[in-house]
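Peer 1: have a look at this prediction, sequence included:
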Amino acid sequence: SQQVQEAFELVLELTKKVVLEGFRNASKAVDTKRTHFDVVTEYDRQVEQLLIGGLLGRYPDHRILAEESSTEAAAKEPLDGRPTWIIDPIDGTLNFVRGIPFVAISVALVVDGELTIGIVSNPCMDEMYTAIRGQGAFLNGVPIRTKGIQDLKSAMVHMGIGRKSLAHGANFVRECSGLRTFGSAALTLAYIAAGRVDLYCVEWLKPWDIAAGALLVREAGGVVRGFGGGAYDIMKPDIVAASSAELAERALEVMGESDSSQK
């Protein structure tokens, strides 16, 4: 639709220049938030304000849920009936600070509780992943699909940093073809959609880390499940994302989180 195309263009237009400028600035100021590894830069705030201003300028009745301007409580509240934009201005800020190009701008639109639009843009690599519910996933306009891998021994696995995922890291190492961590949840999910990664297990994140990427995975033929094997909840993003339902189930078994492993 025209609205969707406008949203894609808006994200790219508003943010690409700022992110690239910040990425190249070796002396950017860095602040610490809740923990020593949770950091923010002036560029995070600038990108977020550009996105909020641009989106509300076009869609004034919509709600915004964004990393740098939303409270901890807001990140846990159920979504109301309004269309809601979920924004992470720079996902992978520590990578961004250190000059590692695994960073992403993540923007999702939720309508009636359903993910409708997902945008994950990495200006450093000139890659823009987009998805529209029911219409597939794309990388720079070209359709993408997961690899559909079903067995763990053939899977490229990405692990997040969390109690459950790290506790079972050794089990995954023994069984999978490779284990990686990129430091950007949104980009990792986009990589599953593009067939670069096959499995991602992560916890302790927020809605803005996962929402856009989750739609990309689904629209590219993959699955996103909650820990315990239940449905993915946008506001409770402890997830297993995989290139196939079979691979997701195997990962949950390894972590002791599947229905069968708990019987």
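Peer 2: Cool, got the structure.
Peer 1: low-confidence ranges in the protein?
Peer 2: Filtered on pLDDT under 70, the chain yields the residue ranges 1-4, 8, 26-40, 71-73, 162-166, 258-263.
Peer 1: helices along that one, start to end?
Peer 2: Secondary structure of the chain (DSSP state H): helices at 2-24, 42-58, 93-98, 163-167, 169-175, 185-193, 207-219, 245-254.
Peer 1: for those, which one sits closest to residue 68?
Peer 2: With respect to residue 68, and counting by C-beta to C-beta, the nearest of the helices of the chain is helix 42-58 at 4.8 Å. Heads up, the C-betas are built off the backbone N, CA and C, glycines and all.
Peer 1: what sits up against the closest one?
Peer 2: 6-7, 10-11, 14-15, 18-19, 21-22, 28-29, 62, 64, 66-69, 85, 87, 89-90, 93, 96, 105, 107 (C-beta atoms under 8 Å, 6 or more residues apart in numbering).
Peer 1: looking at the helices of the chain, which is closest to residue 150?
Peer 2: helix 245-254 (3.9 Å).
Peer 1: which stretches of the stretch 101-250 of the chain form strands?
Peer 2: For the stretch 101-250 of the chain, the strands defined by DSSP state E, counting those that start in this stretch occupy 104-111, 114-122, 127-132, 136-139, 142-144, 156-159, 178-180, 199-202, 223-226, 239-242.
Peer 1: buried deepest among those strands, which one?
Peer 2: Mean neighbour count, computed with mean count of other C-beta atoms under 10 Å, is highest for strand 239-242 among these, reaching a mean of 29.
Peer 1: and that strand, C-alpha only, in CSV?
Peer 2: What follows is strand 239-242 as a C-alpha-only set of coordinates in CSV (Å, rounded to 0.1, in the frame of the first residue of the first chain):
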residue,chain,number,x,y,z
ILE,A,239,12.1,-16.0,21.9
VAL,A,240,13.3,-18.8,19.8
ALA,A,241,13.4,-17.8,16.2
ALA,A,242,14.2,-20.4,13.6
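Peer 1: which residues sit against that strand?
Peer 2: Against strand 239-242 from outside (C-beta under 8 Å, 6+ apart): 189, 192, 198-203, 210, 213-214, 217, 222-227, 232, 248, 251-252, 255, 257.
Peer 1: same question, stretch 143-153
Peer 2: Stretch 143-153 is contacted by residues 129, 136-138, 155, 172, 175-177, 192-195, 198-199, 217, 220-222, 243-244, 246-247, 250-251, 254 when judged by C-beta under 8 Å, 6+ apart.
Peer 1: list the buried residues for that stretch?
Peer 2: Along stretch 143-153, these residues count as buried under the neighbour rule (16 or more other C-beta atoms under 10 Å): 144, 146, 147, 148, 149, 150, 152.
Peer 1: for that stretch, C-alpha coordinates in PDB please.
Peer 2: What follows is stretch 143-153, C-alpha atoms only, in PDB (Å, rounded to 0.1, in the frame of the first residue of the first chain):
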ATOM      1  CA  PRO A 143      12.300 -11.400  -2.000                       C
ATOM      2  CA  ILE A 144      14.100 -13.500   0.700                       C
ATOM      3  CA  ARG A 145      13.400 -16.800   2.400                       C
ATOM      4  CA  THR A 146      14.900 -18.700   5.300                       C
ATOM      5  CA  LYS A 147      17.000 -21.800   4.400                       C
ATOM      6  CA  GLY A 148      14.300 -24.000   6.000                       C
ATOM      7  CA  ILE A 149      16.900 -26.100   7.900                       C
ATOM      8  CA  GLN A 150      15.300 -28.600  10.200                       C
ATOM      9  CA  ASP A 151      18.200 -30.300  12.000                       C
ATOM     10  CA  LEU A 152      20.500 -28.700  14.500                       C
ATOM     11  CA  LYS A 153      23.700 -30.200  13.100                       C
END
